[in-house]
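S.K.: sequence first, predicted model second:
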Amino acid sequence: MHESPVRRSLPAINSAANPWPAMRLLLCGALSLALAALSSAQQPLSLADAGQRGADLYRQAAVTGMVLVVVRNREVLVKTYGETFPGSGRAPDANSLIRLCSLSKVFTAGLLTQLAAEGKVGLSDPLQRYAPPGKTVPLSADGRPITLLNLATHTAGLPREVSAYPARTPHFTFPDEAFRWTWLPKQKLISTPGTAALYSNIGFDLLGDALASASHMSYAQLLHDRLLQPLTLWDTTLVPSSEQCARMLRGTRDEGPCTDTQPSGPSGGVYSTATDMVKLLQYLLHDPGSPVQPAAALAVYLKPQQLVSVQGLNHAGDPTGIGLGWIQLGDPANSSVVMEKTGGGAGFETYIALSPQRQTGIFLAVTEGKGKASVDFYQESNNLLTALANVPPLPPKVHVTRAARMNPKVHVRKHATRSTKAQRHSLARKPR
């Protein structure tokens, strides 16, 4: 049996004659043991334990299937849980097709920062510069134009959607470019651009149109040439093949066909897989060997306190900063700050969150289940990320939004409001 290091280091001392040296040694030994225990308690969560935490989240979220991806420095974890669809008896895998929903905006924002870095567009450029011939972009009452920065930060003064989603229309196929540019000139802005944040899917679709116009190609081609091909994201697409669609996860309801989603590609139409999400996380975290992402991509451009109001941006926590599609959570002065993006709809809930200072990121996707969740999906995902990054957990969300009462005959898209309490994952029929 090994002797205690503290005992072994003690010299022979006449403690009755002079107790202080012995006491000092004992205190130092006790302090060393306490510090060692504290250090051990603060070790980052192992990937094996992250997989178990994922299993716990899967059970508590009451969903049909779940995919978890972790990238930490050079470590990678891909874990799947549940079924590809109810009753299939087959587990998802790293190549199961997933609707990214509003995580698609991460790609649009990434394209914006690339083109801006090359001087092909400017964040302060007015949207009018890229409008189709004969189409007019409305100004605010005081004559302020909508800029590309306004669109990317949800501060353009535009509504969430152009209208209710038409019945029997496949997900992420409405509105198309022609519809939105006929709709836009007739609008009166809700607020002066740059003064208030209101989550807007139509704003990101218009941003995608502007980037495509500046590049003289379709948005789908721009996305392929600038991001998908360089990152070798071979299963990430707006136009899935029949073979890819056969691999798509499904929840409890029939959510319609897996189909071409180019009309809403910039805001919510991208399909992908866990395999491709590993590569995306490595790119976002500046992993050695990945193409270099412009530093501006994860920068914060607005603070909530600069704005008169902020709506629809707090699904994963109270924002402390607004980036280009990304939301900052936590105090930027300490290591626990997180950059995140939520998504959901068509039977899916998706999330991507990064701890840039610790080179750690997670991606999760779940499909709708029959039960009632006993946890907040986003909060538990944040707790998983901070444990992996070995940083303090984020504070609980203060501003709670309530779930909207949905009219089943009126199809709207995601996150008009949502609750941070137990969620049912009975997602809106046409969300983002």
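M.R.: Yep, it's here.

S.K.: against residue 84, how distant is the residue nearest in space to the middle of the chain?
M.R.: Most central in the chain under CA atoms, centre = their mean is residue 341, positioned 2.3 Å from the mean C-alpha point. Residue 341 is 25 Å from residue 84, where distance means CB to CB, to the nearest Å. For glycine as for every other residue, the C-beta is placed from the backbone atoms N, C-alpha and C.

S.K.: still on that earlier bit, so the residue nearest to the centre of the chain: helix, strand or coil?
M.R.: With DSSP: H, G, I helix; E, B strand; the rest coil as the basis, residue 341 sits in strand.

S.K.: how close does it get to residue 132?
M.R.: Per CB to CB, residue 341 is found 29 Å from residue 132.

S.K.: and residue 204, by the same measure?
M.R.: 17 Å.

S.K.: what of residue 147?
M.R.: In terms of CB to CB, residue 147 sits 18 Å off from residue 132.

S.K.: comparing the two, which residue is more hemmed in?
M.R.: residue 147 (22 against 11; other CB atoms under 10 Å).

S.K.: and stretch 310-322, what's buried?
M.R.: Residues of stretch 310-322 classed as buried: 310, 312, 313, 314, 315, 316, 317, 318, 319, 320, 321, 322 (neighbour count, 16 or more other CB atoms under 10 Å).

S.K.: what about the helices in the stretch 251-400 of the chain?
M.R.: Taking DSSP state H, counting those that start in this stretch as the criterion, the stretch 251-400 of the chain contains helices spanning 274-284, 377-389.

S.K.: need the ones you listed in TSV (columns: mean neighbour count and mean pLDDT).
M.R.: Listed next are the helices of the stretch 251-400 of the chain as TSV, based on neighbours: other CB atoms under 10 Å; pLDDT from 0 to 100:
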stretch	mean neighbour count	mean pLDDT
helix 274-284	23	98
helix 377-389	23	97
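
S.K.: can you put those helices in CSV and add distance to residue 333?
M.R.: Shown next, in CSV, are those (distance: least, CB to CB, whole Å):
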stretch, distance to residue 333
helix 274-284, 22
helix 377-389, 16
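
S.K.: of those helices, which is nearest residue 124?
M.R.: Closest approach to residue 124 among these is made by helix 274-284 (24.7 Å; CB to CB).

S.K.: need the contact partners of that closest one.
M.R.: Contact with helix 274-284 is made by 67, 69, 71, 76, 78, 80, 93-96, 98, 106, 231-236, 272, 287, 289-291, 293, 297-298, 352, 354, 361-363, 365, as judged by CB atoms under 8 Å, 6 or more residues apart in numbering.

S.K.: of the residues you listed, buried ones?
M.R.: Using 16+ other CB under 10 Å, the buried ones in the contacts of helix 274-284 are 67, 69, 71, 78, 80, 94, 96, 98, 106, 231, 233, 235-236, 272, 287, 290, 293, 297-298, 352, 354, 361-363, 365.

S.K.: all the strands of this structure, in order from the start?
M.R.: Taking DSSP state E, the strands of the chain run over residues 65-72, 75-82, 98-99, 197-198, 271-272, 300-302, 310-311, 319-323, 327-329, 338-345, 348-355, 360-367.

S.K.: using JSON lines, please lay out the ones you listed together with mean pLDDT.
M.R.: Putting the strands of the chain into JSON lines (pLDDT from 0 to 100) gives the following:
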{"stretch": "strand 65-72", "mean pLDDT": "98"}
{"stretch": "strand 75-82", "mean pLDDT": "98"}
{"stretch": "strand 98-99", "mean pLDDT": "98"}
{"stretch": "strand 197-198", "mean pLDDT": "98"}
{"stretch": "strand 271-272", "mean pLDDT": "98"}
{"stretch": "strand 300-302", "mean pLDDT": "97"}
{"stretch": "strand 310-311", "mean pLDDT": "97"}
{"stretch": "strand 319-323", "mean pLDDT": "98"}
{"stretch": "strand 327-329", "mean pLDDT": "98"}
{"stretch": "strand 338-345", "mean pLDDT": "97"}
{"stretch": "strand 348-355", "mean pLDDT": "98"}
{"stretch": "strand 360-367", "mean pLDDT": "98"}
